[in-house]
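J.: For reference, the sequence and a predicted model appear below.
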Amino acid sequence: PVPVQQPIAFDHQRHMKEEMSCTDCHAQAEKSAHAGFPMVQQCMLCHGEAQGKHPDEPKVREAAAGGRQIAWQQVNQLAPHVYFSHLAHTGYAKMDCAECHGNMKELAVPVSVPQIRVLTMSQCMACHQEKGAETNCLSCHK
């Protein structure tokens, strides 16, 4: 895949050192099919004032002042015929985000290429069978 350019050089590692959790930014991961991206208002809870000297940090305040959201680029994509619900996996099944996304806590550069570990049907089926989850075709293929 061709790497995408994220609008801000987001450092997961730096934010996780502040004892943040995945759902602090991806608030819908346990409540909705889509995890979503952080809203600039969430970022402003900490970044209303400068937190360091990173050249991209002022972009957060600029977006908020202009009433704009940060234009994060989605890099993890499934085939159009596959339905995946974060709610089903992290909410109901209580899976840890790292089971599919890997150790994002160590990622110091913005996500620019897909990093999801489980993308093939055989890997998904193996996980479903291991966890005793539904393996009916229509559970994931809509």
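T.: Happy to help now that I have it.
J.: remind me, longest helix of this protein?
T.: helix 121-131 (DSSP state H).
J.: okay, it in PDB with CA atoms only?
T.: Output in PDB follows, covering the C-alpha atoms of helix 121-131 (Å, rounded to 0.1, in the frame of the first residue of the first chain):
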ATOM      1  CA  MET A 121     -10.400 -14.500   6.400                       C
ATOM      2  CA  SER A 122      -8.400 -17.500   7.600                       C
ATOM      3  CA  GLN A 123      -6.900 -15.400  10.400                       C
ATOM      4  CA  CYS A 124     -10.300 -14.000  11.400                       C
ATOM      5  CA  MET A 125     -11.900 -17.500  11.300                       C
ATOM      6  CA  ALA A 126      -9.100 -18.900  13.400                       C
ATOM      7  CA  CYS A 127      -9.600 -16.200  16.000                       C
ATOM      8  CA  HIS A 128     -13.400 -16.700  16.000                       C
ATOM      9  CA  GLN A 129     -13.000 -20.400  16.400                       C
ATOM     10  CA  GLU A 130     -10.400 -20.000  19.200                       C
ATOM     11  CA  LYS A 131     -12.700 -17.600  21.100                       C
END
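J.: What residues sit buried inside it?
T.: 124, 127-128 (16 or more other Cβ atoms under 10 Å). All C-beta atoms are positioned from the backbone trio N, CA, C, and that covers glycine.
J.: Can I get those residues in CSV including distance to Cys97 and pLDDT?
T.: Formatted as CSV, these follow (distance: Cβ to Cβ, whole Å; pLDDT from 0 to 100):
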residue, distance to Cys97, pLDDT
Cys124, 16, 90
Cys127, 14, 92
His128, 18, 94
